[in-house]
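Trainee: coords please:
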Amino acid sequence: MNLSWYPIFLREMLLFKRKLLRLGYLFSAMVVPVIYLITFGLGLGRNVQIQGTDYLSYLIPGLVAMSSMNNSYTWVASALNLNRLYFKTFQVFVQAPVSPFAIMIGEVLAGMVKGLFASVLILIVGLITARELYITPVFMAALLLNCFMFACLGVITGMITKSHEDTSTYNNFFIMPMAFFSGTFFPIDRMPYLLKMVIYIFPLTHTNILIRKNQLDAEAIVSLTVILAYALIFFVYGERLIKNYNE
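Mentor: This next block holds a predicted model:
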């Protein structure tokens, strides 16, 4: 088996290990989801029922999906942008005898680890506080695919941005709206029809649908298909950007 992607993955993991020793990293990975958990989850808590369960149990899977999206995407996009434009280490990868496919795999797997790490922190809190939170095979599949999908999107953003400030622009226009309007905090069936049609385009919407399913019903299969399609498109496009890189 070709393991040419492993040095790239290992490099990111060694850098990630150094970050784990800093309290600030752990705090930054948890602060936003925990604020939402305290504000909405513990504030409304078990007094509000949504889709047959208490609001806290409804909210935790959404926060896991949102946290995995933010961390898988942001850390890959920012790191790749800095490595390409400022540190010039990405050019070493391109000039090395490593295929664009291997570079893509290494970066995406590293992004997935970072996304899963942040998600586990939220899950630990959720398992302690929520009464009806169950980690099913569908839940894990949705989480892994979500990390993969947004890590691929992070590669795309890291490759097309012209400055580090551009990554914040993409985050404000795409990632932040998805975090709030994709079913993280409330069911999307309560939204106006026209807005609902736009929301169903967001990939995170389908992660939120799938991650709350106990089994693969018709709606879950549709969402799973959409996620797989997005993941494939993002991966292929990201690999092509790496292959055609000529700065």
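
Trainee: ok, how many other residues are close to residue 127?
Mentor: By other CB atoms under 10 Å, 12 other residues sit near residue 127. In this view, the C-beta of every residue, glycine as well, is placed from N, C-alpha and C.

Trainee: Figure out how far stretch 204-214 is from the centre of its chain.
Mentor: The chain centre lies 13 Å from the centre of stretch 204-214; the measure is CA atoms, centre = their mean, to the nearest Å.

Trainee: typo on my end, stretch 94-106
Mentor: 22 Å.

Trainee: which parts of it are buried?
Mentor: The neighbour-count check on stretch 94-106 (16 or more other CB atoms under 10 Å) flags 98, 100, 102-106 as buried.

Trainee: repeat for stretch 79-91
Mentor: Those would be 79-85, 90, for stretch 79-91 by 16+ other CB under 10 Å.

Trainee: Just to check, residue 138 is in contact with residue 221?
Mentor: No - Residue 138 is beyond contact range of residue 221, at 10.6 Å (criterion: CB atoms under 8 Å).

Trainee: So if I had to pick from these two, which one is more boxed in?
Mentor: residue 138 (19 against 12).

Trainee: how about the helices of the protein, start to end?
Mentor: 6-20, 23-36, 43-44, 55-85, 90-95, 100-129, 137-160, 164-170, 176-181, 193-199, 203-211, 218-243 (DSSP state H).

Trainee: Least confident of the ones you listed, on average?
Mentor: Lowest mean pLDDT within these: helix 43-44, at a mean of 64.

Trainee: Hmm, residue 49 is touching residue 132, no?
Mentor: No - counting by CB under 8 Å, residue 49 stays clear of residue 132, with 10.8 Å between them.

Trainee: Leaving aside the residues adjacent along the chain, what's closest to the spatially most central residue of the chain?
Mentor: Compute the mean C-alpha point of the chain, and by CA atoms, centre = their mean the closest residue is residue 69, 1.9 Å away. Once flanking residues are discounted, residue 69 sits nearest to residue 150: 4.8 Å by CB to CB, 6 or more residues apart in numbering.

Trainee: Next, count neighbours for residue 213.
Mentor: Neighbours of residue 213 (other CB under 10 Å): 19.

Trainee: if I look at the residue nearest to it when sequence neighbours are not counted, how far off is residue 137?
Mentor: Spatial nearest neighbour of residue 213, chain neighbours left out: residue 220 (4.3 Å); criterion: CB to CB, 6+ apart. Separation of residue 220 from residue 137 (CB to CB, to the nearest Å): 12 Å.

Trainee: what about those two, which has more around it?
Mentor: The residue with more neighbours, out of residue 220 and residue 137 and counting by other CB under 10 Å, is residue 220; that gives 20 against 10.

Trainee: Quick check: that one vs residue 130, distance?
Mentor: Residue 220 is 21 Å from residue 130, by CB to CB.

Trainee: same check, this time on residue 11
Mentor: On the measure of CB to CB, residue 11 and residue 130 end up 37 Å apart.

Trainee: higher neighbour count, these two?
Mentor: Comparing residue 11 with residue 130 by other CB under 10 Å, the one with more neighbours is residue 130, at 23 against 15.

Trainee: Can you report how many residues lie near the residue nearest to that one when sequence neighbours are not counted?
Mentor: Once flanking residues are discounted, residue 130 sits nearest to residue 57: 4.5 Å by CB to CB, 6+ apart. Neighbour count of residue 57, defined by other CB under 10 Å: 22.

Trainee: Please verify my assumption that residue 57 contacts residue 131.
Mentor: Yes - using CB under 8 Å, residue 57 is in contact with residue 131, at 6.1 Å.

Trainee: Which residues belonging to stretch 63-71 are considered buried?
Mentor: Neighbour-count burial for stretch 63-71 [16+ other CB under 10 Å]: 63-71.
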